[in-house]
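>>> I'll drop the sequence and a predicted model, then ask my questions.
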Amino acid sequence: MLEGPPGTSKSTILRAITANWGVPFVLVEGNAELTPARLVGHHNPARVLREDYSADNFVPGPLVEAMQQGGFLYIEELNRAPEDTLNTLLAAMAEREVAVPRVGLITALPKFRVLASMNPFDNVGTARISDSVYDRWCRLAIGYQDAAEEADIVAVRTGSPDGELVADAVALTRATRAHPDLRRGSSVRGAIDLAAIAAELEHLGSYDGDRPRRILDAALLALSARVGVDEAADVTPEQVITEIWENHFFSRPGGPRRDPTTSTSTTP
């Protein structure tokens, strides 16, 4: 079980591991529509009408597929799946086998594993996981990367050669996680989009060298939907992001200073 906020590379880590080991990777999205039949598999209705039920007309679901291939079954957002669906995993995890009606007992290959991710900060559409299900997991808590790692991620994902832009994007994004008016900050995905948007805006040629203003516009686009304002705070996401931007560009020692007579900034 990988437990951590969105954007902390949970899926990326697993994809990299399985690709390196050459292990099949079967992805399932946890949601209310993930029924036991969709997880295990079903008999082809058209063939059942013609041939009756048989093992030949069984269509494997992701669980059976991963067991037969000896792959990793990855359930994204585990706590969004119905409890009866999660109970289907118990035998596969504990006994490494599952009984399928009219097919028989399916036994997993040695490399078969069940992995899952869960966002502990989002309770919308989630359900409590029973102790019997939790007892089958080994839990790994994953947090945000540090600033240097996030800068490397942004540079790789955007291909930006502008180290200063990457640093600004990372700093603004990380500041959203500690702001008192926000219950949820942005992940590194926000920094990636911020840097990419700011680079595109530069090509428009409409900022007349006003780099801070260009980054503000990029930040409003990239971060406003990725932050969650605290219910008790009387502010908008745009106001919080603008405040973070002002603190970053105009309050740091040695940083540019806002000229009160213009909309531009000067460097002391």
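Done, it's in.

>>> Can you spell out the domain ranges of the protein, please?
2-141, 147-266 (automatic domain parsing).

>>> May I see the ones you listed arranged in JSON lines, with mean pLDDT and mean neighbour count as well?
Where you see a C-beta, it was placed from the backbone N, CA and C, and this is true even at glycine. Below are the domains of the chain laid out as JSON lines (pLDDT from 0 to 100; neighbours: other Cβ atoms under 10 Å):
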{"stretch": "domain 2-141", "mean pLDDT": "86", "mean neighbour count": "16"}
{"stretch": "domain 147-266", "mean pLDDT": "88", "mean neighbour count": "17"}
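
>>> May I have the distance across stretch 224-232, first residue to last?
18 Å (Cα to Cα, to the nearest Å).

>>> which residues touch the biggest helix by length in the chain?
In the chain, taking DSSP state H as the definition, the longest helix is helix 188-204. With contacts defined as Cβ atoms under 8 Å, 6 or more residues apart in numbering, helix 188-204 is touched by 6-7, 144-145, 150, 153-154, 157-158, 160, 162, 165-166, 169-170, 172-174, 176, 207, 214-215, 217-219, 221-223, 226.

>>> Now do the very next helix or strand once past that helix against helix 188-204, angle only.
Sequence-wise, the next helix or strand downstream of helix 188-204 (DSSP states H and E) is helix 211-223. The directions of helix 211-223 and helix 188-204 differ by 130 degrees, with axes from the mean of the first three to the mean of the last three Cα atoms, to 10 degrees as the criterion.

>>> could I get helix 211-223 in CSV with only the CA atoms?
Presented in CSV, the C-alpha positions along helix 211-223 are these (Å, rounded to 0.1, in the frame of the first residue of the first chain):
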residue,chain,number,x,y,z
ARG,A,211,9.0,38.4,-16.0
PRO,A,212,7.3,38.4,-12.5
ARG,A,213,4.0,39.3,-14.1
ARG,A,214,4.3,36.5,-16.7
ILE,A,215,5.0,34.0,-13.9
LEU,A,216,2.0,35.2,-12.0
ASP,A,217,-0.3,34.6,-14.9
ALA,A,218,1.2,31.2,-15.3
ALA,A,219,0.8,30.4,-11.6
LEU,A,220,-2.9,31.5,-11.6
LEU,A,221,-3.5,29.1,-14.5
ALA,A,222,-1.5,26.2,-13.2
LEU,A,223,-2.2,26.3,-9.5
